[in-house]
Structures are given as C-alpha cells and as structure tokens.
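Novice: How does the following fold in three dimensions:
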Amino acid sequence: MNLRASRTFPFISKVTGVNFAEVIVDSFFGKAKEYKIKYPNYVAVKAPQFSFARMEGADPALGVEMGSTGEVACFGDTAEEAYLKSLLSTGMSLKNRSALVTIGGDEFKLRFAESIWRLKNLGFRLYATKKTHLFLKTKGVRTKLVYKLYEKQSPTVTDLIEKRQVSLVINLSEDYNNEGSFKRVITDGYLIRRAAIDNNIPLFTDLNSARFFVNSLDKYKISDLKIKSWDEYL
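Specialist: Modelled structure (predicted):
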C-alpha cells in the first residue's frame with residue numbers, strides 16, 4: 001500500500017476504524033499491537049475535488065499527474081451509492097436533466113453507447129456534436145445537434161453551456177495522449193471543457209468514470225441514498 005499521511009492514511013483509518021497514525025507511533029516505540037481488521041460490509045469512495053475554476057485558462061483534461069486539490073470521502077452500502085454521495089458532496093447538481101455529449105473516436109463511442117441509452121431512459125435531454133450525433137442516430141438515440149465554434153453555426157457548444165441549458169457535460173477523447181492530434185483536441189475539446197468549468201457545470205473527461213457515474217445514477221435515485229453516521233457503518 002502507498003500510505004500518505006495527508007489523504008490515504010486518514011481515509012483507510014476511517015474506513016477500517018483503526019487509527020493507523022497511532023499504530024505507526026506505537027511501533028516506533030516498541031509498543032506495537034496486533035490488529036484484526038474485519039473486511040467491511042460497506043464501501044467507501046474518495047471523489048476528487050478539482051480547483052480548475054481558480055486556474056484561469058487551465059485545461060481540465062485529466063492526465064497521470066495528480067490534479068485534485070481536495071477529496072470527499074463517503075460511505076455507502078454499495079460502490080455506486082458511495083460514489084454518488086461523494087460526487088454530490090463536491091457540489092454536483094443535476095436538477096436540470098440535460099447533458100451535452102461529445103465523444104472522440106469510434107472505440108469510445110461504442111464503449112459509451114450503453115451509457116447513452118441509460119441517460120436517455122433516465123429522462124435526460126441529450127445534446128451532441130455532429131459526429132456523436134450521427135453515431136447515436138444509427139443506434140436509435142435521438143439527440144439535439146449543436147455545433148463547435150469553428151463550424152460557424154448556431155447553437156454552439158459554448159452557447160449551450162453558458163446559457164445553462166445543460167446540467168452535465170461528458171467530453172471523452174482518445175486523443176489526450178496522442179501527440180499528433182493534441183492541437184485539434186485543444187481547439188475543440190478545450191473550449192467545451194473550459195466552458196463547463198467556468199460555468200460550474202459537472203464535467204466528465206474519463207470514460208470509466210463517466211460510465212460508472214451513469215450506472216450509479218441508473219441504480220439509485222437521489223432520494224434512495226441513505227444518510228447514516230460514520231459509526232453506523234463501523
């Protein structure tokens with residue numbers, strides 16, 4: 001385990017009910033004890049809380065480096081429940097059930113297609129850029145077409161976001177680590193991602209996180225989430 005004093009250390013202490021800082025200090029002074037840690041029948045999730053809104057012009061696309069400046073840890077009976085709680089605790093709001101979906105690459109489109117269906121069945125009004133719109137049309141999913149800025153047509157993706165017509169932005173691309181297409185990603189995707197951050201709209205740029213979020217939303221209504229104290233789980 002990679003135990004860090006700032007985040008992971010207190011997190012696993014909370015999850016297991018064992019004060020690992022105390023355990024470490026005891027071991028330094030020859031007072032180590034044996035602890036039997038029972039595998040929990042609950043799940044705890046840490047959700048990152050980013051500060052891109054305070055960093056003017058920064059691209060909120062995620063890479064291998066740590067980009068979060070804080071995290072919210074929540075407990076639940078399942079991973080989906082804990083994940084939804086943690087996202088809502090970072091300030092996410094989905095009162096207006098509408099989403100902008102823009103997906104780069106055929107593989108990502110195929111892998112996210114089921115999640116699109118789930119969003120549609122959950123009552124989301126879906127907006128999509130041209131290639132995503134045409135792909136979803138072949139899958140029988142109706143979306144409202146919006147345009148990228150260089151297409152010089154209305155409504156544009158930034159119009160949609162700045163007018164708060166969507167409560168969620170899903171911007172997925174296979175190209176983040178592809179040096180040859182980096183410039184195109186910056187001009188297209190960057191404007192979408194930055195507009196979402198500047199208008200305080202939840203943004204997903206990672207395929208697995210976006211899929212897990214949709215699965216969680218499909219499994220739980222907000223009213224289904226249990227409000228329980230820490231010691232009730234332990």
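Novice: Surely W117 touches R142?
Specialist: No. Between W117 and R142 there is no contact, the gap being 11.5 Å when judged by C-beta atoms under 8 Å. Backbone N, C-alpha and C define where each C-beta goes, glycine included.
Novice: per-domain residue ranges of this protein.
Specialist: 8-39, 96-224 (automatic domain parsing).
Novice: For A128, what are phi and psi?
Specialist: A128 adopts backbone torsions of phi -150, psi 150, taken as degrees, to the nearest 10.
Novice: and what of A210?
Specialist: Residue torsions, per degrees, to the nearest 10, at A210 are phi -60, psi -40.
Novice: one step back: which one's more surrounded, W117 and R142?
Specialist: Ranked by neighbour count (other C-beta atoms under 10 Å), W117 and R142 place W117 first, with 16 against 11.
Novice: ok, back up a step: with mean pLDDT added, can I get the domains of the chain in a markdown table?
Specialist: Shown next, in a markdown table, are those (pLDDT from 0 to 100):
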| stretch | mean pLDDT |
| --- | --- |
| domain 8-39 | 89 |
| domain 96-224 | 86 |
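Novice: could you show me where the helices are in this structure, in order?
Specialist: 8-16, 20-28, 79-89, 106-121, 130-138, 157-162, 182-198, 207-219, 230-233 (DSSP state H).
Novice: Could you export those to a markdown table, including columns for distance to N41?
Specialist: Converted to a markdown table, the helices of the chain look like this (distance: least, C-beta to C-beta, whole Å):
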| stretch | distance to N41 |
| --- | --- |
| helix 8-16 | 12 |
| helix 20-28 | 21 |
| helix 79-89 | 13 |
| helix 106-121 | 27 |
| helix 130-138 | 39 |
| helix 157-162 | 41 |
| helix 182-198 | 37 |
| helix 207-219 | 18 |
| helix 230-233 | 9 |
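Novice: quick one, which of the ones you listed is nearest to E151?
Specialist: helix 130-138 (7.5 Å; C-beta to C-beta).
Novice: and V101, bridged to which residues?
Specialist: A128, I170 (DSSP bridges).
Novice: contacting residues around it?
Specialist: With contacts defined as C-beta atoms under 8 Å, 6 or more residues apart in numbering, the neighbours of V101 are 116, 119, 126-128, 132, 136, 143, 170.
Novice: what's the residue sitting furthest away from the middle of the chain sitting at in phi/psi?
Specialist: Most distant residue from the mean C-alpha position of the chain: G30, 43.5 Å away (C-alpha atoms, centre = their mean). As for G30, its main-chain torsions (degrees, to the nearest 10) stand at phi 70, psi 20.
Novice: For E22, see how far away it is.
Specialist: Applying C-beta to C-beta, to the nearest Å, the value for G30 to E22 is 14 Å.
Novice: now do V141
Specialist: Relative to E22, and taking C-beta to C-beta, V141 is found at 53 Å.
Novice: With neighbour numbers in mind, choose between the two.
Specialist: Between V141 and E22, V141 has the larger neighbour count (other C-beta under 10 Å), namely 18 against 12.
Novice: I116 is in contact with that one, correct?
Specialist: Yes. Assessed by C-beta under 8 Å, V141 is found in contact with I116 at 5.6 Å.
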